[in-house]
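Student: build me a model:
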Amino acid sequence: MKFTNTPNREVTTTDGERLHVSRSVAVVAQVFVFHVASQSWLILLGERGQGVDDFHGQWCFPCGYLDWDETLYEALIREVWEETGLSLPKLRNHEHTHHWIDAALEPEGGVAPRKVSAEPSNNRQNVSASFACWLSWYGEELPTLSLDNMEMDEATDARFLSLDEAQKLGLAFNHNQVLQELLTHEKRRFRQIEASVGI
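Tutor: Numbers count the residues shown, from 1 in each chain. So this is what the prediction gives:
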């Protein structure tokens, strides 16, 4: 058989430890909120700062790399918390959250990403695991966001933006395309939430 792969490079440290340079794994969170008071759909996005490698000043879904000894679920929770100050477990159980969809964010019974992308030509050969959730929010004020937990200059802002605003932005990575795919192929999720609030 003939394969087209390039074997992982091997590096030996000064201590004699052998390490392999291999593809990285990233998690991506798509958090959709139906704000009942304004009857509008919002999405959680962050603006990339100067402390990251690329796409400075562009908006994107909260995302980041899987750390050593970390599950996909743990990485997802940590990245959203670091980049936006939002705890997804607390959001799910918040008194103003009345309907939540997507079992993929359940830690019990294993975590199933909504989508895994392993195409080598995409995003520096990263393998990315995407998770999405949809919820209805009955509070007048949206959940509080914060940049206090992030690494140095990782982000300059975090907001819940309307779907119209988000679609007009040139989102980093392939996130414009991902957003369009979600809006097209996951319409039933949006409708389920709207039906739960009587729309």
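
Student: count the neighbours of the residue nearest to residue 186 when sequence neighbours are not counted for me.
Tutor: Leaving out its chain neighbours, the residue that sits closest to residue 186 by CB to CB, 6 or more residues apart in numbering is residue 132, at 7.1 Å. For every residue, glycine as well, the C-beta is placed using N, CA and C. For residue 132, the number of neighbouring residues by other CB atoms under 10 Å comes to 22.

Student: surely residue 132 and residue 183 touch.
Tutor: No - between residue 132 and residue 183 there is no contact under CB atoms under 8 Å: 11.2 Å.

Student: can you give me the strands in this protein?
Tutor: 9-12, 18-21, 25-35, 40-48, 59-60, 63-65, 97-101, 115-117, 127-137, 155-162 (DSSP state E).

Student: output the contacting helices and strands for the third one.
Tutor: In terms of contacts (3 or more CB pairs under 8 Å, 6 or more residues apart in numbering; DSSP states H and E), strand 25-35 is packed against strand 40-48, strand 63-65, helix 72-84, helix 88-92, strand 127-137, helix 175-185, helix 187-196.

Student: for residue 24, find the nearest of these.
Tutor: Of all the helices and strands packed on strand 25-35, it is strand 63-65 that lies closest to residue 24, at 5.5 Å by CB to CB.

Student: now find how far off-centre that closest one is within its chain.
Tutor: Centre-to-centre, strand 63-65 and its host chain are 8 Å apart (CA atoms, centre = their mean, to the nearest Å).

Student: partner strands of it, with direction?
Tutor: strand 25-35 (antiparallel) (DSSP bridges).

Student: next, the angle strand 97-101 makes with the strand it pairs with.
Tutor: Using axes from the mean of the first three to the mean of the last three CA atoms, to 10 degrees, the inter-axis angle of strand 25-35 relative to strand 97-101 is 130 degrees.

Student: now strand 25-35: buried residues?
Tutor: Neighbour counts using 16 or more other CB atoms under 10 Å place 25, 26, 27, 28, 29, 30, 31, 32, 33, 34, 35 of strand 25-35 among the buried residues.

Student: noted, bye for now.
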